[in-house]
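Asks: Sequence first, then the predicted structure:
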Amino acid sequence: MKFRDHLFKLNCLSILGFGFCYASATQAACVVSSGSPVTTTIPMNIGNISAGSGMATGTVLARQTIHGYQDVSVKCGVNSTFAGFRFEGGTLLSSTASGEIYETGIPNLGMRVKLYDGAFAPKTYPGTLQNADGSWASRIFSASGYLKVDLEFVKLGDIPAGGTINGSILPRLIIYAASISNPADRYTVANYGFGGTVVYNTPTCATPNYQYNLGSHNVSVLPTNGSSTVWTATPITLTGCSIFYGNNSGANSSASYQITGSNSGTPTANSLTKNYVNLDFLLPSGVESILGTTGLISGDSTSSAKNVGVQIGYDSSSTNTYVPVDLTSTTTIRPNIGGSGNLTFPFAARLYRYGDQVVSGKINSSLIYVISYQ
């Protein structure tokens, strides 16, 4: 099919009283030799996502891969044909090396489009070189190349609360061909708009205080330096957790949509990455870490026992087998997609002798735990 037929003009001049006319031709701007352009509104089938403040700025929280309709071959003008990507509409937030970022309706959550080769829109690609026979090549807009893009929602800063992204406020992506000799005369190969909604929420849980009694023991149960009592379960259970929807921050985590025509296509369910719930310990005033990364802490200022501390362990295998933890490291649970309610970190504690001479007495100690979400 032809984007524009050849045009012939008849120009008439009068010189020294004699009139004559001549014909001229203008070259067609762009010609499609195969495939069909498409204009479509793509439903966002990302669904619900959740991410917390622990996610780094710049993280992609939601992603949908859009697969093109069909290959389109285009020639433009008498020179090489280049491919271009630009936006129409929407509210521009910023323009950086990571592309143009557009408003989504949720503060500090922006929208951008990633292209087939990892670059970001807007972008133009240079014209093709001539073929070996001296003819100039068409630009092929491949369904799995130029016409395949990722719609991404990226964290720009602290996101204060959840909300809903409505596709109607997002810009349209225009994929076009043009000639180097006449770049303003563009031929639209694909016009992608976006519809539907994406729901974003920030997961939260209640963080109760806990107090555990490790019991009374005779000093004889700690006969040597390095001896300990048996573990006592001291779990930290977060309660009333909101739904953990997951997000697309992981590699190859994406929803997808195969365009099959104008305003038609086949969605594929979102492949989500589980959220992270992270627990970190802080030492309160008067409590010290002992023996490095062994999970051993001292008693506080009210303690009278000497050379005895409290060791913290963790059951990572769900077999009631506790291993001393490094209190400077983060302990992480990854809730199931769609999970909610209570979430338990299976910690335990025991008394541990770390000196040559044990002095009997009471021992009181404590830790502060801090929860963050990704």
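Replies: Done, it's in.
Asks: quick one: residue 84 from residue 120, how far?
Replies: 13 Å (Cβ to Cβ, to the nearest Å). Where C-beta positions appear, they are placed from N, C-alpha and C, glycine not excepted.
Asks: Can you give the domain ranges for this structure?
Replies: Annotated domains of the chain cover 30-202, 219-245+274-373 [the TED database].
Asks: Output the below-cut-off pLDDT ranges for the stretch 1-150 of the chain.
Replies: Where the stretch 1-150 of the chain drops to pLDDT under 70, the residues are 1-28, 78-79, 128-136.
Asks: could you redo the last one with a cut-off of 80?
Replies: 1-29, 77-80, 127-138 (pLDDT under 80).
Asks: Nearest the middle, which residue of the protein would you pick?
Replies: Centroid-nearest residue in the chain: residue 60, 2.1 Å away (criterion: Cα atoms, centre = their mean).
Asks: which residues touch that residue?
Replies: 152-155, 248-249 (Cβ atoms under 8 Å, 6 or more residues apart in numbering).
Asks: Out of those, which sit inside strands?
Replies: Taking DSSP state E, the ones among these that sit in strands are 152-155.
Asks: So which of those residues wins on neighbours?
Replies: When neighbours are taken as other Cβ atoms under 10 Å, the top entry among those is residue 153 (27 neighbours).
Asks: tell me the contacts of the residue nearest to it when sequence neighbours are not counted?
Replies: Leaving aside its sequence neighbours, residue 153 sits nearest to residue 62 (Cβ to Cβ, 6 or more residues apart in numbering; 4.1 Å). Residues in contact with residue 62 (Cβ under 8 Å, 6+ apart) are 46, 49, 152-153, 198, 200, 247-248.
Asks: 7 Å instead?
Replies: Residues near residue 62 by Cβ atoms under 7 Å, 6 or more residues apart in numbering: 46, 49, 153, 198, 247-248.
Asks: What of residue 103?
Replies: When contacts are counted by Cβ under 7 Å, 6+ apart, residue 103 is found next to 90-91, 93, 169.
Asks: All the strands of the stretch 1-150 of the chain, in order from the start?
Replies: 7-15, 18-26, 30-34, 38-43, 48-50, 60-67, 72-76, 81-88, 92-96, 99-102, 109-114, 123-125, 139-141, 149-155 (DSSP state E, counting those that start in this stretch).
Asks: between the ones you listed, which one is nearest to residue 237?
Replies: strand 48-50 (20.0 Å; Cβ to Cβ).
Asks: So what sits opposite residue 63 in the bridge?
Replies: residue 152 (DSSP bridges).
Asks: quick one: residue 226 from residue 149, how far?
Replies: According to Cβ to Cβ, residue 226 and residue 149 sit 60 Å apart.
Asks: Could you verify that residue 259 is part of a helix?
Replies: No. Counting by DSSP: H, G, I helix; E, B strand; the rest coil, one finds residue 259 to be strand, located in no helix.
Asks: Near it, how many residues? Count them for me, please.
Replies: Residue 259: 22 neighbours (other Cβ under 10 Å).
Asks: And the pLDDT for it?
Replies: pLDDT recorded at residue 259 is 98.
Asks: show me the residues around it that make contact.
Replies: By Cβ under 7 Å, 6+ apart, the neighbours of residue 259 are 38, 40, 66-69, 265.
Asks: rerun that using 10 Å as the cut-off
Replies: The neighbourhood of residue 259, defined by Cβ atoms under 10 Å, 6 or more residues apart in numbering, consists of 38, 40, 42, 66-70, 143, 147-148, 190, 192, 265-266.
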